[in-house]
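A.B. asks: please find the sequence and the predicted model below.
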Amino acid sequence: MFSYGILPQLKSVIEDVETKAVGVSVGKSTGEKDQRNLPLVSVVSVVLSVMVLMSLLACQKKEDQPSDDVPVPVVANRFKYSDSVAAPHRAALNEAVSLLYFLPLKNDDSRLMEILKVRDLSPATLQSWLEERVRYIVDGEFEVQKAAYEVTENSFTYPNMDLLPDPNQGLALDFGALSQGVQNEKDSVVMSNLGAGVYYALKKHSKEESEKAKKPVAVLVGLHIGGEVGDVVISSPRTGLLQIGNGLFPSADAFGTTQNISLGVFRASTLFHEARHSDGHGKTLAFLHANCPEGHKYAGRGACDFSSNGPYTIGTKVHKQLMDQCSQCSAAGKDILRIIFLDFSSRVIKGQVRISGHKPESYSATPADWDDAPEGSRR
Ligand SMILES: [Zn+2]
């Protein structure tokens, strides 16, 4: 139940989400506000460091490498795009899904099947899994604040209202306390699960408002996206609304073409990563990334998974299989894919680790499989 002047607050919440969720780009010099807000960037996004991106470009500039410009037969998918997503970017994402058929995964990864809860890794099974979790795609210019509207629905409540990912358990960032050491000018957002991010932020906001008002408050928002997408109500992390970023197209200039098969492998695995953010409930909501532990390359940054069945696990497993089977990928393309594989697989925390920057000041956490049942129901 809610019915009071929430729109001013809604505006600031949405503004905050937007800045946090997608507010970085390569080489961008950012101000103090962005520094403060950045930790959420990685929570529902794939972010590549500029070091990795530079490695990609260095590889791409090698001469005499066979082309990665391999035609991949297009298989239809159910993604819907906002009008402003450029045609080459749509084609690149459609190509990424089509790669599931062009480079079919081997049916021998029982752990991946266990995590995905599927009986096989056939192209159709994987596409179906993906389309359950990825439905709409908007471009990097999409502004949540401008598109948002409040949905008045007295019967709406957030499930598990008291349960949010717990910053004291290493399951999510303590957003306010972890701004130190964030080097946002060195990151580039590849793709974000914007729907999961907005859902999480509004649920958290609603919980706080309920505590203040001493009565249940549930702020539900929709987004005017237009085009073939229309309006989308953010009533579940399963909304499946993704936003693409510059990092998804890191070397189009170097190659002179947006579509190439090696980048297609990277994009396909990224889609699976983002799809996982559409899962989870309560403490596992959206499979949020956590602060990397002491000693990690990304220590103090929200780029690690403490879930052993989370986005980086799924993304890297899909990435590895597609990479290994890509006989059509050039040597330079494979170099890129190996760099990405090593970087992303290092973000899955194994064994017990120490984490600092939380309260209590330092404690240990051990990764485990998280409950993947999604929260709420999408419209
Ligand atoms: Zn992520």
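C.D. replies: Noted; the coordinates are in hand.
A.B. asks: from memory Val221 sits against Ala147, does it?
C.D. replies: No. Val221 is beyond contact range of Ala147, at 9.4 Å (criterion: C-beta atoms under 8 Å). Yep, even glycine has a C-beta here, placed from its N, CA and C like the rest.
A.B. asks: what ranges do the strands span in the protein?
C.D. replies: For the chain, the strands defined by DSSP state E occupy 45-49, 80-81, 136-138, 148-151, 187-192, 220-226, 230-233, 241-244, 353-356, 362-365.
A.B. asks: list of residues touching the longest one?
C.D. replies: Identification of contacts with strand 220-226 by C-beta atoms under 8 Å, 6 or more residues apart in numbering yields 10, 14, 82-83, 136, 138, 142, 144, 147-151, 153, 156, 198, 202, 231-235, 241.
A.B. asks: show me the helices in the stretch 251-379 of the chain, by range?
C.D. replies: Secondary structure of the stretch 251-379 of the chain, counting by DSSP state H, counting those that start in this stretch: helices at 252-255, 261-276, 311-325, 331-345.
A.B. asks: rebuild those as a markdown table, extending it with mean pLDDT and mean neighbour count.
C.D. replies: Formatted as a markdown table, the helices of the stretch 251-379 of the chain follow (pLDDT from 0 to 100; neighbours: other C-beta atoms under 10 Å):
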| stretch | mean pLDDT | mean neighbour count |
| --- | --- | --- |
| helix 252-255 | 52 | 16 |
| helix 261-276 | 94 | 26 |
| helix 311-325 | 96 | 23 |
| helix 331-345 | 88 | 20 |
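A.B. asks: dump the ones you listed into TSV; add distance to Met161 as well.
C.D. replies: Listed next are those as TSV, based on distance: least, C-beta to C-beta, whole Å:
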stretch	distance to Met161
helix 252-255	44
helix 261-276	23
helix 311-325	24
helix 331-345	33
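A.B. asks: so which of these is nearest Pro88?
C.D. replies: helix 252-255 (7.9 Å; C-beta to C-beta).
A.B. asks: weakest of the strands of the chain in terms of mean pLDDT?
C.D. replies: For those, the weakest mean pLDDT is recorded on strand 362-365, namely a mean of 59.
A.B. asks: separate out the buried members of the contacts of strand 220-226.
C.D. replies: Neighbour counting with 16 or more other C-beta atoms under 10 Å marks 10, 14, 82, 136, 138, 142, 144, 147-148, 156, 198, 202, 232-235, 241 as buried within the contacts of strand 220-226.
A.B. asks: my read is that Arg301 contacts Cys292, right?
C.D. replies: Yes. With contact defined as C-beta under 8 Å, Arg301 and Cys292 form a contacting pair (5.7 Å).
A.B. asks: more crowded one of the two?
C.D. replies: For Arg301 and Cys292, the more surrounded residue by other C-beta atoms under 10 Å is Arg301, and the numbers stand at 26 against 23.
A.B. asks: right, and Ala86 touches Gly140 too?
C.D. replies: No. Taking C-beta under 8 Å as the definition, Ala86 is not a contact partner of Gly140, at 10.4 Å.
A.B. asks: of those two, who's got more company?
C.D. replies: Gly140 (19 against 13).
A.B. asks: for that one, which non-adjacent residue is closest in space?
C.D. replies: Closest residue to Gly140 apart from its sequence neighbours, by C-beta to C-beta, 6 or more residues apart in numbering: Gly245 at 5.1 Å.
A.B. asks: got it, and Arg267?
C.D. replies: Arg267 sits nearest to Ala96 (C-beta to C-beta, 6+ apart), 3.8 Å away.
A.B. asks: residue contacts, that neighbour?
C.D. replies: Residues in contact with Ala96 (C-beta under 8 Å, 6+ apart) are 264-265, 267-268, 270-271.
A.B. asks: and it, how far from Ser346?
C.D. replies: According to C-beta to C-beta, to the nearest Å, Ala96 and Ser346 sit 23 Å apart.
A.B. asks: go on, Asn246?
C.D. replies: 23 Å.
A.B. asks: quick one: Pro165 and Ala373, what's the gap?
C.D. replies: 15 Å.
A.B. asks: what's the closest of the contacts of Ala96 to Thr313?
C.D. replies: Looking across the contacts of Ala96 and measuring by C-beta to C-beta, the closest to Thr313 is Thr270, at 13.8 Å.
A.B. asks: my read: that closest one touches Met191, true?
C.D. replies: Yes. Thr270 is within contact range of Met191, at 5.2 Å (criterion: C-beta under 8 Å).
A.B. asks: low pLDDT regions in the stretch 1-150 of the chain?
C.D. replies: Applying pLDDT under 70 to the stretch 1-150 of the chain picks out residues 1-67.
A.B. asks: which parts of it are helices?
C.D. replies: 7-22, 32-37, 50-60, 87-102, 110-116, 123-133, 144-147.
A.B. asks: output stretch 343-356 in PDB with nothing but the alpha carbons.
C.D. replies: Presented in PDB, the C-alpha positions along stretch 343-356 are these (Å, rounded to 0.1, in the frame of the first residue of the first chain):
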ATOM      1  CA  ASP A 343      40.000 -11.900 -16.100                       C
ATOM      2  CA  PHE A 344      36.400 -13.000 -15.600                       C
ATOM      3  CA  SER A 345      37.200 -16.400 -14.100                       C
ATOM      4  CA  SER A 346      39.400 -14.700 -11.500                       C
ATOM      5  CA  ARG A 347      36.300 -12.900 -10.200                       C
ATOM      6  CA  VAL A 348      34.700 -16.000  -8.900                       C
ATOM      7  CA  ILE A 349      35.900 -16.300  -5.400                       C
ATOM      8  CA  LYS A 350      37.000 -19.800  -4.300                       C
ATOM      9  CA  GLY A 351      37.600 -20.800  -0.700                       C
ATOM     10  CA  GLN A 352      37.400 -18.700   2.400                       C
ATOM     11  CA  VAL A 353      38.600 -15.200   2.000                       C
ATOM     12  CA  ARG A 354      39.000 -12.100   4.200                       C
ATOM     13  CA  ILE A 355      37.000  -9.000   3.300                       C
ATOM     14  CA  SER A 356      37.600  -5.600   4.600                       C
END
